[in-house]
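**Student:** This is the structure alone, sequence omitted:
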């Protein structure tokens, strides 16, 4: 995983609406990147549903959630619609996993991201990371709250 204190690697990816989103577009606000394996898997569905429920509390702490997986933007649209997600979902589809690799969250043997969280401050510096021991383990929302409360803005 990328180390705290490291400048966050810049990226431009397509979201669930087909719009390009760059990390530099988010400068000035804290961002929690949520790397997850795949749309529609039972564990990912649970994880993103939980994060959607607590998103207002995360926003109240001055941060924005952004999900990233190797699924296409069309799959993200269907996934967001199915679960009622308003969180931005970015497609690291082609070249597959390029951004996920830059953050150290890609599992080569499996061809998808591990379940990982990266908090980036308003200046674009990584302030906190969490990597699940296995893609089957959901990082609880309490981890995000604790990181937001402890990390500088």
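**Tutor:** Right, received. Where do you want to start? All of these numbers come straight from a predicted model, not from anything done at the bench.
**Student:** ok, the closest residue to residue 151 other than its chain neighbours to residue 63 distance?
**Tutor:** Take residue 151 and drop its neighbours on the chain: the residue closest to it by C-beta to C-beta, 6 or more residues apart in numbering is residue 127, 4.0 Å away. Where you see a C-beta, it was placed from the backbone N, CA and C, and this is true even at glycine. Distance of residue 127 to residue 63, computed by C-beta to C-beta, to the nearest Å: 11 Å.
**Student:** what do the two both touch?
**Tutor:** Shared contacts of residue 127 and residue 63 (C-beta atoms under 8 Å, 6 or more residues apart in numbering): residue 119.
**Student:** one step back: can you tell me the element the residue nearest to residue 151 falls in?
**Tutor:** In this assignment (DSSP states H and E), residue 127 forms part of strand 126-131.
**Student:** buried residues in the helix or strand just after that strand?
**Tutor:** Heading C-terminal from strand 126-131, the first helix or strand you meet, by DSSP H and E, is helix 141-150. Of all the residues in helix 141-150, those buried under the rule 16 or more other C-beta atoms under 10 Å are 141, 143-144, 147-148.
**Student:** Report how many residues lie close to residue 76.
**Tutor:** 25 (other C-beta atoms under 10 Å).
**Student:** Correct me if wrong: residue 125 contacts residue 3.
**Tutor:** No - using C-beta atoms under 8 Å as the test, residue 125 is too far from residue 3 to be in contact (10.8 Å).
**Student:** coming back round to it: quick one: which of the buried residues of helix 141-150 is nearest residue 133?
**Tutor:** residue 143 (13.0 Å; C-beta to C-beta).
**Student:** which residues sit in contact with the spatially closest residue to the closest one that is not a sequence neighbour?
**Tutor:** Sequence neighbours aside, residue 130 is the residue nearest to residue 143 in space, at 5.6 Å (criterion: C-beta to C-beta, 6+ apart). Applying C-beta under 8 Å, 6+ apart to residue 130 gives the contacts 116-117, 139, 143, 147.
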